[in-house]
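[1] need a 3D model of the sequence below.
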Amino acid sequence: MPGKFVIKKGPTGKFRFSLVSTNGQIVASSQAYENRAAAMRGVASVQKLAADARIVDLTVAAAAPAAKPAAKKPAAKKAAAKPAAKRPAAKKK
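    Modelled structure (predicted):
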């Protein structure tokens, strides 16, 4: 026995549907729709899209992407080395 869609009109006058499993548990609930026809279109949309829906499991760590080499920072320009001041030569005795 498959699950079922249950459409209800809430206290605000808007319509909602629930997807109910075979054990009576609500599996999914819809947004509020202004009228019954819009709720029925919502049911049809879920039926159409869920049949081939893929599973995205965010609880499983994704494979780490290949590490990219760190971008090199531009080398700081070194102050031009000043030539050493010439000292007077020592006098030989």
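
[2] residues near K4, how many?
    Neighbours of K4 under the rule other CB atoms under 10 Å: 12. In this view, the C-beta of every residue, glycine as well, is placed from N, C-alpha and C.

[3] would you agree it is in contact with V20?
    Yes - using CB atoms under 8 Å, K4 makes contact with V20 at a distance of 5.4 Å.

[4] what's the overlap in contacts for those two?
    Residues touching both K4 and V20 (CB atoms under 8 Å, 6 or more residues apart in numbering): none.

[5] dump the residue contacts of the nearest residue to S29 once chain neighbours are set aside.
    For S29, ignoring the flanking residues on the chain, the nearest one in space by CB to CB, 6 or more residues apart in numbering is S18 at 5.0 Å. Residues near S18 by CB under 8 Å, 6+ apart: F5, V6, K8, I26, V27, A28, S29, S30.

[6] make CSV out of those residues and add pLDDT and neighbour count.
    Output for those, formatted as CSV (pLDDT from 0 to 100; neighbours: other CB atoms under 10 Å):
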residue, pLDDT, neighbour count
F5, 97, 17
V6, 97, 13
K8, 98, 10
I26, 96, 11
V27, 95, 10
A28, 96, 13
S29, 96, 11
S30, 97, 18
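
[7] hang on, F5 in a helix?
    No - with DSSP: H, G, I helix; E, B strand; the rest coil as the criterion, F5 is located in strand rather than a helix.

[8] which strand residues bridge it?
    Legend: beta-bridge partners of F5 under DSSP bridges are L19.

[9] M40: what's it in contact with?
    Listed by CB under 8 Å, 6+ apart, the contact set of M40 reads I7.

[10] pLDDT wise, what is it at?
    For M40, the model assigns a pLDDT of 98.

[11] quick one: it is in a helix?
    Yes - M40 sits within a helix when classified using three-state DSSP.

[12] distance check, it against F17.
    8 Å (CB to CB, to the nearest Å).

[13] span of stretch 3-22 from start to end?
    This stretch, stretch 3-22, spans 5 Å end to end (CA to CA, to the nearest Å).

[14] list the buried residues of it.
    Buried residues in stretch 3-22, counted by 16 or more other CB atoms under 10 Å: G3, F5, F15, R16, F17, S18, L19, V20.
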